[in-house]
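> sharing a sequence plus its predicted fold:
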Number of protein chains: 2
Amino acid sequence: MDIETILFSLLLILLAARIFGELANYFGAPAVIGELVAGIIIGPSLLGLVEMSHTIELLGEIGVILLLFEVGLETDVDKLIKTGRKAIVVAIGGFITPFALGFAASYWFFNLPLIVSLFIGGTLTATSIGITVRTLADMHRHNSREGQITLGAAVLDDILGVILLALLYEFSVKGEVNMINAARVLIFVCAFFLVAPFLARLLSKFIQFLDRRVENPGLIPTMMVSLVLFFAWLAHVFGAPELLGSFAAGLALSRRFFLPFASALKKELDQVDGESSAEKALADSPASSDLSSKMQNTFKSALHNDNRFSHKVESQLKPIVQLFTPIFFVSVGLSLELHTIDWTSLFFWAFSSCLIVIAVISKFAGALLIQESRQRQVIIGLAMIPRGEVGLIFAGLGASTAIFTGDVYTGLILVIAFTTLIAPFLIRLSYTRFGTALV
Amino acid sequence: MDIETILFSLLLILLAARIFGELANYFGAPAVIGELVAGIIIGPSLLGLVEMSHTIELLGEIGVILLLFEVGLETDVDKLIKTGRKAIVVAIGGFITPFALGFAASYWFFNLPLIVSLFIGGTLTATSIGITVRTLADMHRHNSREGQITLGAAVLDDILGVILLALLYEFSVKGEVNMINAARVLIFVCAFFLVAPFLARLLSKFIQFLDRRVENPGLIPTMMVSLVLFFAWLAHVFGAPELLGSFAAGLALSRRFFLPFASALKKELDQVDGESSAEKALADSPASSDLSSKMQNTFKSALHNDNRFSHKVESQLKPIVQLFTPIFFVSVGLSLELHTIDWTSLFFWAFSSCLIVIAVISKFAGALLIQESRQRQVIIGLAMIPRGEVGLIFAGLGASTAIFTGDVYTGLILVIAFTTLIAPFLIRLSYTRFGTALV
């Protein structure tokens, strides 16, 4: 494809994302649904105006990487850790159940071969962290308790998904599984999450240092995007999903991430919210000694600098994130090649409807085990449903290795499309229905 | 190439652009030289860390399209029109002379075939508007008189270049030239430049209207980038270079572009500069009648809205432009495949040095004909020298049609590299030398 064609595709993608996003809003659905539908409509499934290309894929990937970075920036690490145990339960429950049920149905009920059934189970495990996060953000609920639990669970789910994918791929090629490999992936991923925050803060300090000294314009956009891409790449090197790299970097740079030496300030910061009040609290607290007053002044000025820098970074990155993000969701829609489906096949209907039921109910398995109000459990379960691009990666790998063919592949595409589109819609409906019970 | 490789390439491009841009500044050269050198160093010419790919090319293309849009936004249309006649002289002089000399030297001195010699002449005509504009902007001189003349001349040069390329290509394929085709291209390009400003303002008004009504975040980044891409695409459809499409859109949306119905305000606006003083002037001017006072109020509020919107657009687009722009200049460096040069060939040395001399001196032909101080003439001549990506397009087309082979092709690559790198350097030197004579 020549440059002009891709430029024009990009133009169509941006316009369609906006138009259908607004339409979705108008009909009471989150904008993300509109963007997914836009991709289905302008893509090969329907009008065929835009073809999925490597370049569009890359731009979308940058979009979701930046989105996860931004979500990380806005996430309260403390809360994320506090809800950690519940998130683990949700993740594991919502991982094992769809895998087991998906495998069982395929193997015993539809009499599919072992490896095919295993891959089907795998495809059903993956929650699309991008769609989940975006849906909650569209509704300004990503910092709610259920939002935090879902976010944590989606992150863990992604890690589990990568490990399972590696295991299944190995099994499909070699016919056996080496658990040491799986353990190694897990160790690397953990190592990444231990190292990343400190590295991210160090690099961010360096960029902040440069920002005061460098005259060439454009430092923040180029260097911050570089930092985000670097962590995405680093995560990939460590064997983790790229998205989680940028998410970890965002978390590390969020204003609520506590540095070890700042623990003295923790209490004050816990009580106040935002920049000016934090500074005020520092200024108001009585100085018990000269040293502590000096220390407080240092902290105060560091905090002030940090906050100014954070604001600068946020205001300059936001337009970039907003430009790239819709490209990702449209590209997911483009990848859902619904026109390949043979709608007359009986097996297709039986297979896909059975899997859709499994895909939807199995994600509640974890959510119903945790101690939360029924309303929150429902929201968490719903938010884990969209399979989105992660499901497509599984299905795509299955298709490229000829494990998935014909109706099995198209059936899975329908399952992914259905779960991806229905979940944001049901979440908004639940929030409207439950109303104030969740505030 | 897989996504991770391109993400990593992008990371390297952004980092190298920044590092070498800063180094260039440190040594007193414009940042753009650093970015070009960065491309040569990390690209196939030297280290081979980054390969030129379709995706990088597209990102660079978006970068230069956005850059020209921004330059258009900051350009004073009135001044551009006032310096128009001089720009025409500079453009035509700097177009015919390198073509004639390049052709003559190749055909009679180096005894190359007719079509090869014609293409060599063509390659020498093309001024890289991107590099010229960026160099002047790096030195904050793009709004000076010599800056305006150069800008106008570079735009015209680009149009002439496209027409010549079309003619030469036709001649190389059919062995004859149809002047009606050339005339048609010219008419279409003129039509584009007549229609574009009104269309751009109309669309911008529509985006401004949406901005007041739409709740989904990210309207300005996605819609303004869409608008810019749309005009780039439209220019392409009309047969003009894409860059000029975004430049025309930028011009149309610049604060100094006068709408027909605003001509009454022209005088006031001519006298004052910037938002608040313009408003003040309007408020201060005595209201001779009730109607005119009403009209003035309408204009005042429209002006205020327009300015607030302009500021919003500028502040949100700047980070995006700053992110994409360096990718373009690095990608030009990547495309200069200096490693293909056979440095031992005598013909190569004779050919390339002869063409370098022609390429450099011939661009002064137009500049020396206009009535300006010698200093300004020199700056304008220098600013027209870089052949950059436009020369590469010519050379690339010549190579792909097997018109350019071996030493002729590599010789041209060296000419392009040399003129591209030396011009920004000499411009800065001249500004330092001439000092206050140009203020």
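Ah, there it is.

> what's the helix or strand for the residue nearest to A:L336 when sequence neighbours are not counted?
The shortest distance from A:L336 to any non-neighbouring residue, by C-beta to C-beta, 6 or more residues apart in numbering or on different chains, is to A:A417 (4.7 Å). From N, CA and C alone the C-beta is placed, and that goes for glycine too. Applying DSSP states H and E as the criterion places A:A417 in helix A:406-434.

> what mean pLDDT does that helix have?
What helix A:406-434 shows for mean pLDDT is 90.

> buried stuff in it?
For helix A:406-434, a neighbour-count test (16 or more other C-beta atoms under 10 Å in any protein chain shown) marks A:407-428, A:430-431, A:434 as buried.

> contact residues of the stretch 51-200 of chain A facing chain B?
A:H54, A:T55, A:E57, A:L58, A:E61, A:I62 (C-beta under 8 Å from any C-beta of the partner chain).

> the residue lying closest to A:A17 once chain neighbours are set aside: neighbouring residues, count only.
Closest residue to A:A17 apart from its sequence neighbours, by C-beta to C-beta, 6+ apart: A:P326 at 3.6 Å. Neighbour count of A:P326, defined by other C-beta atoms under 10 Å in any protein chain shown: 31.

> what of A:G84?
15.

> cool, and the one 4 residues further on?
Neighbouring residues of A:I88 were enumerated by other C-beta under 10 Å; the total is 16.

> any buried residues in the helix or strand harbouring it, and which?
Using DSSP H and E, A:I88 sits in helix A:84-104. Neighbour-count burial for helix A:84-104, counted by 16+ other C-beta under 10 Å, picks out A:86-103.

> quick revisit: next step: the residues of the stretch 51-200 of chain A next to chain B restricted to helices.
Using DSSP state H, A:H54, A:T55, A:E57, A:L58, A:E61, A:I62 are the members of these that sit in helices.

> pLDDT wise, what is the residue nearest to the spatial centre of chain A at?
The structure's chain A has its C-alpha centroid closest to A:I129; by C-alpha atoms, centre = their mean the separation is 2.8 Å. With respect to pLDDT, A:I129 scores 86.

> so what's it closest to, chain neighbours aside?
A:A154 (4.2 Å).

> any idea which element the one you found lies in?
helix A:145-174.

> thinking again about what came up before, so the residue nearest to A:L336 touches A:S335, yeah?
No - judged on C-beta atoms under 8 Å, A:A417 makes no contact with A:S335 at a distance of 9.8 Å.

> please give the element, helix or strand, for the nearest residue in space to A:S106 that is not next to it in sequence.
Leaving aside its chain neighbours, A:S106 sits nearest to A:S117 (3.8 Å; criterion: C-beta to C-beta, 6+ apart). Here A:S117, judged by DSSP H and E, is contained in helix A:114-125.

> and the next helix or strand after that helix, what does it pack against?
Next along the chain after helix A:114-125, taking DSSP H and E as the criterion, comes helix A:129-138. Counting by 3 or more C-beta pairs under 8 Å, 6 or more residues apart in numbering or on different chains; DSSP states H and E, the packing neighbours recorded for helix A:129-138 are helix A:31-42, helix A:54-73, helix A:145-174, helix A:290-335, helix A:374-383, helix A:388-400, helix A:406-434.

> which residues are in contact with helix A:129-138?
Helix A:129-138 has contacts (C-beta atoms under 8 Å, 6 or more residues apart in numbering or on different chains) with A:30-32, A:36, A:64, A:67-68, A:71, A:142, A:144, A:147, A:150-151, A:154-155, A:157-158, A:243, A:325, A:328-329, A:332, A:383-384, A:386, A:388-390, A:420, A:423-424, A:427-428.

> among these, name the buried ones.
Buried subset of the contacts of helix A:129-138 (neighbour count, 16+ other C-beta under 10 Å): A:30-32, A:36, A:64, A:67-68, A:71, A:142, A:144, A:147, A:150-151, A:154-155, A:157-158, A:243, A:325, A:328-329, A:332, A:383-384, A:386, A:388-390, A:420, A:423-424, A:427-428.

> how much space separates A:V90 from A:L369?
The gap separating A:V90 from A:L369 is 8 Å, by C-beta to C-beta, to the nearest Å.

> what is in contact with those two at once?
By C-beta under 8 Å, 6+ apart, A:V90 and A:L369 have no common neighbours.

> what comes up buried for the helix or strand harbouring A:A200?
If you go by DSSP H and E, A:A200 is part of helix A:179-213. In terms of neighbour count (16+ other C-beta under 10 Å), helix A:179-213 has its buried residues at A:185-186, A:189, A:192-193, A:196-197, A:199-200, A:203-204, A:207-208.

> which intervals of the stretch 301-439 of chain A have sub-threshold pLDDT?
A:301-305, A:436-439 (pLDDT under 70).

> name the nearest residue to the residue of it found nearest chain B, ignoring sequence neighbours.
Checking the stretch 301-439 of chain A residue by residue against chain B with C-beta to the nearest C-beta singles out A:Q322 as nearest, at 3.1 Å. Nearest residue to A:Q322, sequence neighbours excluded (C-beta to C-beta, 6+ apart): B:G218, at 3.1 Å.

> contacts only, for the residue nearest to A:I129.
A:A91, A:T127, A:I129, A:T132, A:V133, A:A383, A:M384.

> from the residues you listed, which is closest to chain B?
A:V133 (14.7 Å).

> how far away is the closest one from B:S204?
33 Å.

> swap in A:D78?
For A:D78, the distance to B:S204 - C-beta to C-beta - is 44 Å.

> before we move on, back to that, just the contacts of A:A154 now: which is nearest B:H311?
Within the contacts of A:A154, the smallest distance to B:H311 is 31.0 Å, found for A:V133 (C-beta to C-beta).

> what about the closest one, how many neighbours?
That count, for A:V133 with other C-beta under 10 Å as the rule, works out to 27.

> cool, A:S310 as well?
Around A:S310 there are 17 residues (other C-beta under 10 Å).

> whatever residue of the stretch 51-200 of chain A ends up closest to chain B: what's it in contact with?
Distance from chain B to each residue of the stretch 51-200 of chain A (C-beta to the nearest C-beta) is smallest for A:T55, at 4.5 Å. Contacts for A:T55 (C-beta under 8 Å, 6+ apart) come out as A:I6, B:H54, B:T55, B:L58.

> give me the nearest residue to it, chain neighbours excluded.
A:T55 sits nearest to B:T55 (C-beta to C-beta, 6+ apart), 4.5 Å away.

> and the pLDDT for the one you found?
For B:T55, pLDDT reads 91.

> ok and the residue in the stretch 101-250 of chain A nearest chain B?
Closest point on the stretch 101-250 of chain A to chain B, by C-beta to the nearest C-beta, is A:G218, at 3.1 Å.

> I'd guessed that residue sits against B:F324; true?
No - A:G218 is beyond contact range of B:F324, at 9.9 Å (criterion: C-beta under 8 Å).

> that concludes my questions; thank you for your assistance.
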